[in-house]
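Colleague: pasting the sequence and the predicted model now:
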Amino acid sequence: MIVLGIETSCDETAAAVVEDGRTLHTNVVASSMDLHAVYGGVVPEIAARSHIEAIMPVVEKAVPNWSEIDAIAVTYGPGLGGSLLVGALTARTLAILHNKPLYAVNHVTAHCYANFLTETSLPGYALPSRQPDFPVLALIVSGGHSQLGLFRDHFGYTILGQTNDDGIGEAFDKVAKILGLPYPGGPSIGEQALEGNPLAYQFPKARMEHKYDFSFSGLKTAVLRLAQAEIGESYSFPSFEIAGRLSDAQKADIAASFQRVAIETVVDKTMLAYEEFRPRSVIIAGGVAASPELRRQLAERLPIEIAYTDPKLCTDNGAMVATYGCFMASLGQSSADPYSLEIMPNLSM
Ligand code: KG4
Ligand code: ZN
């Protein structure tokens, strides 16, 4: 089963070809991130326009030979409406043109499936040596989504908890903006944190009504208030003027202290769920899964080893969509009608 996966839910235009849900043949990602960086976040109209320009060159590069492709999988939600439309319409058209079955894939679920890739002849990928074993506890930490899920098998899962407000990646992006660090905030805070003391400041962890839920908006506000206090200003001081008044040492200490608590928040919940459900595997998925601090904290606290995937497969890509598409196709999940598949920007897992 060889599947082409197409992903355009945010600012990455991506396509990849995966065989049998484990072998990565091609993986092409064009990002409009640089265009958004000047605004400190993704501008939906710019993302959609960039997808239109990039989608066909990206697909053509990912698919050297159409006769080898058995099916097409595409992200149909959740994500930005204009961005999702470009991928979905492209996939629908290609499915009709090449007479291939079409599978509609949930972006958040797909993130988890990057962890099922174990083989590739592509250079520069460090993949785990084996696939996760069910039951799988999945910590999904991306820009827009943060949740803990328990997969009993490929299509049976329970959401144990989720964020009640911002995604953890969104919190990294917003704190980076306060500190004047470039977008995306995850990697830039991670780098700045290397220079700082993670115990310099004590930020609060939110207490939640449901034990597996998270919250990040309070943490982000705590960072803002602390930064204002550090430069001797009041609550009304504009956040975009703070960075210019902080020293490099202050920025590094705030970045390190914020990162420690944000990551601890999700690792605490992962540990609780691990104790309660004793899964055979734990996986981490989504852009923030690329964080070395997350990997360090988990390795320190979990009694079992996690087989981490390559950081390139943590952020948005077509390979995760193709991988899940392989399982959908080979395990008899129903395909979508290429004449009528609709996007679902607010789809949940
Ligand atoms: O999964 P993703 O590419 O897009 C969504 O589905 O949201 O995640 C993007 C998020 C951004 O918030 C970015 O700051 C974060 O992932 N991110 C990281 C790293 N690389 C990307 N966070 C921490 N460490 C990283 N190395
Ligand atoms: Zn994503």
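Modeller: Okay, I see it. Numbers count the residues shown, from 1 in each chain. Ligands and ions are numbered 1, 2, ... in the order given.

Colleague: can you pull the contacts of L24?
Modeller: 16-18, 117, 119-120, 122, 125, 127, 319 (C-beta atoms under 8 Å, 6 or more residues apart in numbering). Placement of C-beta: from N, CA and C, glycine included.

Colleague: now do 6 Å
Modeller: 18, 117, 120, 319 (C-beta atoms under 6 Å, 6 or more residues apart in numbering).

Colleague: let's see if you can find the most crowded of these.
Modeller: When neighbours are taken as other C-beta atoms under 10 Å, the top entry among the contacts of L24 is A319 (33 neighbours).

Colleague: name whatever forms a beta bridge with the residue nearest to it when sequence neighbours are not counted.
Modeller: Excluding the flanking residues, the one nearest A319 by C-beta to C-beta, 6 or more residues apart in numbering is A16, at 3.9 Å. A16 has the following beta-bridge partners by DSSP bridges: G5, N27.

Colleague: burial count for A16?
Modeller: Neighbour count of A16, defined by other C-beta under 10 Å: 30.

Colleague: show me what contacts it?
Modeller: 5, 26-27, 62, 318-319, 322.

Colleague: circling back: quick check, nearest of the contacts of L24 to ligand 1?
Modeller: Ligand 1 has its nearest neighbour among those in A319, at 12.8 Å by C-beta to the nearest ligand atom.

Colleague: doesn't T26 make contact with that closest one?
Modeller: No. At 8.7 Å, A319 and T26 do not qualify as touching, with contact defined as C-beta atoms under 6 Å.

Colleague: coming back round to it: now the residue nearest to A319: how far from Y76?
Modeller: 17 Å (C-beta to C-beta, to the nearest Å).

Colleague: nearest spatial neighbour of T109, skipping sequence neighbours?
Modeller: M349 (5.5 Å).

Colleague: count the residues that sit near the one you found.
Modeller: Neighbours of M349 under the rule other C-beta under 10 Å: 18.

Colleague: would you mind listing what in the stretch 1-150 of the chain touches ligand 2?
Modeller: Residues of the stretch 1-150 of the chain that fall close to ligand 2, judged by C-beta under 5 Å from the ion: S142.

Colleague: for ligand 1, what's its nearest residue on the stretch 1-150 of the chain.
Modeller: G143 (2.7 Å).

Colleague: can you pick the most crowded of the contacts of A16?
Modeller: Counting neighbours by other C-beta under 10 Å, A322 leads the contacts of A16 with 37 neighbours.

Colleague: so what's M33 up against?
Modeller: With the criterion set at C-beta under 6 Å, 6+ apart, M33 makes contact with D11.

Colleague: what's the local residue count around whatever residue of the stretch 51-200 of the chain ends up closest to ligand 2?
Modeller: Using C-beta to the ion, S142 is the residue of the stretch 51-200 of the chain that sits closest to ligand 2, at 4.3 Å. If you count neighbours by other C-beta under 10 Å, S142 ends up with 24.

Colleague: quick check: nearest residue in space to it, chain neighbours excluded?
Modeller: Using C-beta to C-beta, 6+ apart, the nearest residue to S142 is G286, at 3.0 Å.

Colleague: show me what from this protein comes close to ligand 1.
Modeller: Taking C-beta under 6 Å from any ligand atom as the contact definition, the chain meets ligand 1 at 10, 142-144, 169-170, 172-173, 184-187, 190, 286-288, 290-291, 315-316.

Colleague: now for the nearest residue to S50 once chain neighbours are set aside: which residues touch it?
Modeller: Spatial nearest neighbour of S50, excluding adjacent residues (C-beta to C-beta, 6+ apart): S32 at 3.6 Å. By C-beta under 6 Å, 6+ apart, the residues touching S32 are 11, 47, 50.

Colleague: just the buried residues of those.
Modeller: The neighbour count (16 or more other C-beta atoms under 10 Å) marks 11, 47, 50 as buried among those.

Colleague: so S281 versus ligand 2, what's the distance?
Modeller: Relative to ligand 2, S281 is positioned 21 Å away (C-beta to the ion, to the nearest Å).

Colleague: who touches the nearest residue to that residue once chain neighbours are set aside in this structure?
Modeller: Leaving aside its sequence neighbours, S281 sits nearest to P132 (C-beta to C-beta, 6+ apart; 3.7 Å). Applying C-beta under 6 Å, 6+ apart to P132 gives the contacts 115, 281, 283.

Colleague: kindly recompute the last result at 8 Å.
Modeller: Here P132 is in contact with 115-116, 280-281, 283, 307 (criterion: C-beta under 8 Å, 6+ apart).

Colleague: same check on N106?
Modeller: Taking C-beta under 8 Å, 6+ apart, one finds 75-78, 347, 349 in contact with N106.

Colleague: and the lowest-mean-pLDDT helix or strand in the chain, how far out from the chain's middle?
Modeller: None of the helices or strands of the chain scores lower by mean pLDDT, DSSP states H and E than helix 33-37, at a mean of 83. Centre-to-centre, helix 33-37 and its host chain are 17 Å apart (C-alpha atoms, centre = their mean, to the nearest Å).
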